[in-house]
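Undergrad: The sequence and its predicted three-dimensional model are supplied below.
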Amino acid sequence: MTYEKTQYWERLHLEHSDSLSAVGYSEMGRGFNEATYGLRLAAAEEILRRAGCSPHTVLETAVGVGAYARLWKKLGVDGWVGVDLAQTAVEHLRARFPEATFFQADIAACDDGLHTALAGRRFDLVTAIDVLYHIVDEAEFSRALSALAESVTPDGFLLLTDVFVDSPRRIAAHVLRRPLERYEELLAEVGLVLVEREPIFAILGDPVRRSAFHAIDLGMYLVWRVLSKIVRIVPFGLRDWVGRVSARLLTPLDSLLKRAGHARGTNLELALFRKSKAHAREPLPLSLCNRPANGSLGL
């Protein structure tokens with residue numbers, strides 16, 4: 001499986017300009033993505049509330065079309081910095097949100113571009129929502145996590161998403177799912193510990209079945225397959241309406257399955273990490289490439 005990330009995301013942002021279809025399920029239409037992004041925002045607000053996270057400054061990686069802007073406004077964020085791989089996305093965001101700061105950078109790149117752009121700034125909250133599992137190269141993944149960890153202020157938070165599978169799973173050319181333990185192992189080295197988890201979807205996102213057979217996994221997988229098939233095959237002019245209505249009709253079932261714990265390890269979740277105050281230190285001047293060969297973060 002091959003995946004050229006810059007071309008992939010630039011194409012999506014060009015084809016779906018300023019639409020959630022550029023950052024969500026692109027073939028499911030605007031209606032489905034608008035409905036399900038409401039669930040993403042609600043989950044993010046809930047996990048931050050439980051942790052007592054009221055950030056003044058936010059670094060949002062893979063900022064996309066600015067879907068979380070209304071949440072940052074609601075939380076009273078007065079310093080929003082966004083990073084995206086696609087220059088097209090950055091240009092659109094600069095026009096829409098002139099009060100914020102956006103720049104193009106690859107958080108996994110083997111250079112100091114991100115360090116230079118941030119100029120050593122630290123943030124109360126750093127987010128990596130729907131981005132790290134798109135970094136399919138393990139060395140690049142570790143570099144990205146290193147850069148994010150370095151950007152969190154002591155006592156600050158790192159919020160990320162994945163389907164926290166029981167073992168690493170490459171489910172598409174641009175998607176590698178990783179266990180939560182992988183994140184915990186790397187982030188523990190720099191004083192970031194898991195404090196909260198929050199499910200986003202049970203059946204309104206693409207499930208990943210666990211290694212051992214579970215009937216509920218099969219059921220959720222089949223519901224998603226039928227749902228996605230229906231939305232994708234309807235005429236284009238009806239797709240937005242069908243997607244929106246389908247998502248809203250299935251939201252109660254999705255919520256029930258999440259409350260019962262069936263989404264854990266099978267569908268998209270938020271994980272919130274907090275950095276210990278003991279890890280107060282000056283930002284590293286080293287290149288992101290200068291990391292130990294054993295795969296640790298090297299901070």
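TA: Perfect, thanks for sending it.

Undergrad: Look at the closest residue to Trp241 other than its chain neighbours and give its secondary structure.
TA: Spatial nearest neighbour of Trp241, excluding adjacent residues (C-beta to C-beta, 6 or more residues apart in numbering): Gly31 at 5.9 Å. C-beta: built from backbone N, CA, C; applies to glycine. Of the three states, Gly31 takes helix under DSSP: H, G, I helix; E, B strand; the rest coil.

Undergrad: likewise Thr161?
TA: Under three-state DSSP, Thr161 comes out as strand.

Undergrad: what pairs with it across the strands?
TA: Beta bridges link Thr161 to Leu270, judged by DSSP bridges.

Undergrad: In contact with it: list those residues for me.
TA: Neighbouring residues of Thr161 by C-beta atoms under 8 Å, 6 or more residues apart in numbering: 128-130, 132-133, 200, 268-271.

Undergrad: Let me know the closest of those residues to Val152.
TA: Comparing the contacts of Thr161 against Val152 with C-beta to C-beta places Ala128 closest, at 10.9 Å.

Undergrad: Surely that closest one and Val63 touch.
TA: No. Between Ala128 and Val63 there is no contact under C-beta atoms under 8 Å: 10.8 Å.

Undergrad: hey, where'd the helices end up in the stretch 51-200 of the chain?
TA: Taking DSSP state H, counting those that start in this stretch as the criterion, the stretch 51-200 of the chain carries its helices at 69-74, 87-96, 113-118, 138-150, 180-188.

Undergrad: now those in CSV, with mean pLDDT, distance to Asp124 and mean neighbour count?
TA: Output for these, formatted as CSV (pLDDT from 0 to 100; distance: least, C-beta to C-beta, whole Å; neighbours: other C-beta atoms under 10 Å):
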stretch, mean pLDDT, distance to Asp124, mean neighbour count
helix 69-74, 97, 11, 15
helix 87-96, 94, 20, 17
helix 113-118, 71, 14, 18
helix 138-150, 90, 14, 21
helix 180-188, 96, 17, 17
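
Undergrad: Looking at these, spot the one closest to Pro252.
TA: Closest approach to Pro252 among those (C-beta to C-beta): helix 69-74, 23.0 Å.

Undergrad: Can you pull out the residues in contact with that closest one?
TA: 41, 44-45, 58, 60, 80, 97, 100.

Undergrad: Poorly predicted segments of the protein, please.
TA: Low-confidence segments of the chain, defined by pLDDT under 70: 1-3, 110-113, 279-299.

Undergrad: the strands in it, which residues?
TA: 57-61, 79-84, 101-104, 123-128, 152-162, 169-172, 175-177, 192-199, 269-275 (DSSP state E).

Undergrad: For the fourth one, which strands pair with it and how are they oriented?
TA: Put plainly, it is strand 123-128. Going by DSSP bridges, the partners of strand 123-128 are strand 57-61 (parallel), strand 152-162 (parallel).

Undergrad: Out of the ones you listed, which is the most enclosed?
TA: Mean neighbour count (mean count of other C-beta atoms under 10 Å) peaks for strand 57-61 among those, with a mean of 24.

Undergrad: Go ahead and produce PDB holding the CA coordinates of that strand.
TA: Presented in PDB, the C-alpha positions along strand 57-61 are these (Å, rounded to 0.1, in the frame of the first residue of the first chain):
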ATOM      1  CA  THR A  57      -3.700  28.700  24.200                       C
ATOM      2  CA  VAL A  58      -4.300  25.900  21.800                       C
ATOM      3  CA  LEU A  59      -2.000  24.300  19.200                       C
ATOM      4  CA  GLU A  60      -4.200  22.300  16.800                       C
ATOM      5  CA  THR A  61      -2.400  20.100  14.400                       C
END
